[in-house]
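Colleague: A structural model of the following input is requested.
(chains A, B, C and D)
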Amino acid sequence: MTEIVGLEALAARVGPGQSLAIPVDGSGVAMAATAAILETGISDLKLICVPISGLQADLLIGAGCVASLETSAVSLGEAGGAPRFTAGVKSGAFTMRDSTCPAIYAGLLAAQKGVPFMPIAGIIGSDLLNVRPDWQVIDSPVGEARKVVVVPAISPDVALFHAPEADRAGNVRIGRHRELADLAYAAKRTLVTVERIVDRNLLESEDSAAGVLPSLYVDAIAVAERGAWPLALWDEYPADEAEIARYAAMARSEDGFRAYLSAFLTHRKQVA
Amino acid sequence: MTEIVGLEALAARVGPGQSLAIPVDGSGVAMAATAAILETGISDLKLICVPISGLQADLLIGAGCVASLETSAVSLGEAGGAPRFTAGVKSGAFTMRDSTCPAIYAGLLAAQKGVPFMPIAGIIGSDLLNVRPDWQVIDSPVGEARKVVVVPAISPDVALFHAPEADRAGNVRIGRHRELADLAYAAKRTLVTVERIVDRNLLESEDSAAGVLPSLYVDAIAVAERGAWPLALWDEYPADEAEIARYAAMARSEDGFRAYLSAFLTHRKQVA
Amino acid sequence: MSADRERREILIATIADLLDGIRHVAVGASSPIPAAGAMLLRARNELCGKPPVRISILGSQAHNFFTNGGIELFDCAAQGRVDAFFLGGGQIDGQGNINLVGTGDYPTSHVRWPGSFGSAYLYHLIPRVILFREEHSPRVFVPKVDFVSARAITPEVPRRGGPYALLTNMALFDFDREAGGFALRSVHPPFTPADIMENTGFAYREPEVVCETKRPDAATLALLRGRIFDELAETYPAFARTMMRAA
Amino acid sequence: MSADRERREILIATIADLLDGIRHVAVGASSPIPAAGAMLLRARNELCGKPPVRISILGSQAHNFFTNGGIELFDCAAQGRVDAFFLGGGQIDGQGNINLVGTGDYPTSHVRWPGSFGSAYLYHLIPRVILFREEHSPRVFVPKVDFVSARAITPEVPRRGGPYALLTNMALFDFDREAGGFALRSVHPPFTPADIMENTGFAYREPEVVCETKRPDAATLALLRGRIFDELAETYPAFARTMMRAA
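Modeller: Numbers count the residues shown, from 1 in each chain, chains lettered A, B, ... in the order given. Now for the predicted structure:
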């Protein structure tokens, strides 16, 4: 059953060397939990971006926590490229596993369904097939003769995201952000931060249940108000574009990044 | 864009020889539309039960509309076996394609994703593999050596179901009955009957949107009040168990079935 | 009627014991006895402060923790999140294989049953599948099923799932995955090991001393006849009514 | 500023023309010009009584018809339910291949871009992919990309998707899937065919007479500067503000 814990206790459940799956900006990124994880001095994370990331990945990379990175892109969106990602790729600071968005979903889907691989349309002709030797091109075993790409299952050790609310049983409201459910189905353990915990049962009506990730998939929940800041949380608050632009500017240099990181962690401690 | 039409016009969109996918009892079975389809004297349907059926399949089989049947089971539930299904299997009245529930979902998922096949866990050792030559056992092309079953994509010509409500743009409220969305994603065309059409936009809020099948997937909608009767419609009305038991008793004989069918069609015309 | 109730109470209590230690049990539609067994375990764990038990009853709105449609139970089983499930069978053979399709030549069977449902899949994936079939007769328990809807043992592929026990109106068998067959564990009163032998069409191992299936104790009966049948009434009103009327 | 607005208005109107006949166009995040082009087509169709146009803007709440999470756009494209999409590229070559990964040796690229996003997949599946890249220079339009994020032509597999046109700040090219390359369709004023030649690093076919890209007519401009920029403001407030201020 889902445990409701403090933010530090939740962060402590992510261990060095684990694979950690995180959602796209705006879908519910657990930035407060990321600060708490950075505080633990974690290392050697295998980061899986579902299917891309921005500030969260760049912070973890810049802080030296990431050993390998599977993603379809890292970008700060309007604020431009992700500086620590770009620098890290060039210096070979981590193993880069370039992907394409639906291939990451396909890998998670294979894990959700307990199969070793998932076929996926398209991709043929892309150099991604050369840099991803774990992807294969096979002859379709059924139907007309044709080539199909298959990708291996992705079973993250931990999935981590932020959502507006959970109930006391651990059911989490995700609205139509079903990519968060995709993450949880595939992951061995799922950690969630929420703006608040509500007293009503989110599964009570057929309508409210439709937008809920059941507690069955949720290992631990911590409350973190404005827990996605400076990123957006749907239905709750927009992104703090100025803060993200400030990050983009500072993180251009290693020193600037360190200064930002230190201020970010301090800010988070003050909020908590 | 979704058209809102009358029940007869909706029924006329199902043609002889087409594959028709229908959901499980209680999930939103379009019984009123089934009556209207029976009235058209349709034949040679390739019926696909997702993943099982009851009264609806038995009526279509008994009326001689079905050329082939793909299903994991046909049963009247508490009311016992499905008499016309059982008789039809024994007399070879249609081509029987026995399946297992998740294999039908896997076939639909392959169509949803535009791939020719889908791997699926389990099944190995089952005689279903002998009677379904379109299923294959392959060596997993990735990861550790192991056998995996793959099933071909199922792309129904038409998906047909009943739901509580739709809005004027054609968005349909399906609550957490996401199997109805699975049907629509995979089908070439989707026909939906509803209890009522509402004026508000079902996609308006993040919460109401979570339980909605977007109009993008819905070709035509017709209003049919108590359109699932005598089966249940979630949140609206329970199954009419007495009526289903009456069917189970009458349909034991060919003559009894004919009498039931005639009364069922008359009843439907009176309601409409 | 009272004998019938007593028989059912033994089955329910036996199922609760068989489920001991699990976290999540799924129960198919139209399965009041397995559902009651699961509810008994849940109540007992709650009273003893043991870990909570989650019960998913297919087709029930109240006991439905799923929000991803009809596939979710199957995905959930594939993820290892379902510990126990119940399967029946028109035929069950001594190797633990089950037949939900029919007898005689396929497809134009002599007797045709509804179909395989999810059995071919779930049997591979759920660790504790309890075979539950009330009728104990040689036509059900056969040396070899006419059609294998789901096979119990498949050395050619890794699997976590398979048969754990077989419970009937007359007896309880363990399934031995190493040996690939059933072993009689206990016989429900008033039956004898000889009755079992006579009514079972397949060979099974029999211990030198065959126990009698434990009758539910007073505390269990009180729980059952009170809280459990109340809880059950939500999903199975007719069954719960019958059981309470008989009391 | 006004020249900049005029340039953008030509791009938007050209995009609306390129989209003519489609039912559903998807627009990626941070793509105000493609979004405005799609909105212009939608408004025009509405005014002429032509079939309605559906626009999905990724990351927008108002222009979001999806309820199945991040995968739905991709599934939808695989089902043939998305007719048009826009892709860019750090490099685009004369065979229509695009590079969103970086230059130099992989993985420690000389220049590294964010990554391939969904391009490797969507390029196969969406019939009318419009390559949209404002910068028109030899460093973008290269003979051969350093990394193929998505390949334009793959005779080894059936596909419905691929490049349809290439639109830049200077010109509009058609893509010829048979010939496997670009053909100059028109040049935006004030540029000349010689400017295009000078700034394009790949070979392309050039007709004997090169047209000037059509400037939007008065009715189109009125629609654009009124209703379209209003609609756009919901998703791209800063862009819409700039365009309206310049007017």
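Colleague: ok and the residue in chain C nearest chain A?
Modeller: As assessed by C-beta to the nearest C-beta, chain A sits closest to C:A78 within chain C, at 2.9 Å. Heads up, the C-betas are built off the backbone N, CA and C, glycines and all.
Colleague: Name the residue most distant from the centre of chain C?
Modeller: C:T108 (28.9 Å; C-alpha atoms, centre = their mean).
Colleague: Give me the three-state assignment for that residue.
Modeller: For C:T108, the assignment made with DSSP: H, G, I helix; E, B strand; the rest coil gives coil.
Colleague: can you tell me the average pLDDT over whichever strand or helix holds C:P34?
Modeller: Assigned by DSSP states H and E, C:P34 falls within helix C:32-48. The average pLDDT within helix C:32-48 is 96.
Colleague: So is stretch A:198-217 next to chain B?
Modeller: Yes - using C-beta under 8 Å from any C-beta of the partner chain, stretch A:198-217 comes into contact with chain B via A:206-211.
Colleague: With stretch C:103-122 instead?
Modeller: Yes - using C-beta under 8 Å from any C-beta, we find that stretch C:103-122 touches chain B at C:106-109, C:112-122.
Colleague: now swap in stretch A:20-28 and tell me
Modeller: No - using C-beta under 8 Å from any C-beta, stretch A:20-28 never reaches chain B; the gap is at least 11.6 Å.
Colleague: what about residue 141, how many neighbours?
Modeller: Because you didn't say which chain, this covers chain A. Counted with other C-beta atoms under 10 Å in any protein chain shown, residues neighbouring A:P141 total 19.
Colleague: Correction: the question concerned chain C.
Modeller: Residues lying near C:F141 (other C-beta under 10 Å) number 24.
Colleague: What are the boundaries of the helices in the chain?
Modeller: I'll assume chain A. All helices of chain A, identified by DSSP state H, fall at A:7-11, A:31-39, A:55-62, A:83-91, A:101-112, A:128-131, A:179-186, A:206-210, A:241-250, A:254-271.
Colleague: Oops, wrong one, chain C.
Modeller: Assigned by DSSP H, chain C shows helices spanning C:2-18, C:32-48, C:72-78, C:119-125, C:193-199, C:218-223, C:229-233, C:237-246.
Colleague: Among these, which comes closest to C:V145?
Modeller: Checking the helices of chain C against C:V145 by C-beta to C-beta gives helix C:119-125 as the closest, at 11.7 Å.
Colleague: from memory C:E206 sits against C:G181, does it?
Modeller: No - between C:E206 and C:G181 there is no contact under C-beta atoms under 8 Å: 11.4 Å.
Colleague: Between these two, point out the one with more neighbours.
Modeller: It is C:G181, of C:E206 and C:G181, that has more neighbours when counted by other C-beta under 10 Å, with 20 against 15.
Colleague: in the sheet, who's paired with that one?
Modeller: For C:G181, the beta-bridge partners under DSSP bridges are C:D176.
Colleague: re earlier: any idea which of the residues of stretch A:198-217 next to chain B is closest to C:S56?
Modeller: Set against C:S56, the nearest of the residues of stretch A:198-217 next to chain B by C-beta to C-beta is A:A209 (13.5 Å).
Colleague: What is the burial count for the closest one?
Modeller: Counted with other C-beta under 10 Å, residues neighbouring A:A209 total 23.
Colleague: From C:A150, how far off is C:C76?
Modeller: From C:C76 across to C:A150, the span is 18 Å (C-beta to C-beta, to the nearest Å).
Colleague: Which one's more surrounded, these two?
Modeller: Comparing C:C76 with C:A150 by other C-beta under 10 Å, the one with more neighbours is C:A150, at 33 against 25.
Colleague: Show me what the more buried one is bridged to.
Modeller: Judged by DSSP bridges, the bridge partners of C:A150 are C:I98.
Colleague: Contacts only, for it.
Modeller: Listed by C-beta atoms under 8 Å, 6 or more residues apart in numbering or on different chains, the contact partners of C:A150 are B:125-126, C:87, C:97-98, C:100, C:116, C:119-124.
Colleague: cutoff 7 Å now
Modeller: C:A150 sits next to B:126, C:98, C:116, C:119-120, C:123 when contact means C-beta atoms under 7 Å, 6 or more residues apart in numbering or on different chains.
Colleague: swap in C:A38?
Modeller: Neighbouring residues of C:A38 by C-beta under 7 Å, 6+ apart: C:19, C:25, C:27, C:55.
Colleague: list the contacts for the second one?
Modeller: Contacts for C:V25 were tallied using C-beta under 7 Å, 6+ apart; they are C:19, C:38, C:53, C:55, C:83-84.
Colleague: who wins for most neighbours among these?
Modeller: Neighbour max across the contacts of C:V25 (other C-beta under 10 Å) = C:A38, 29 neighbours.
Colleague: Next, count neighbours for the spatially closest residue to C:G28 that is not a sequence neighbour.
Modeller: Of all residues not flanking C:G28 in the chain, C:L58 sits nearest, at 5.4 Å (C-beta to C-beta, 6 or more residues apart in numbering or on different chains). Using other C-beta under 10 Å, C:L58 has 18 neighbouring residues.
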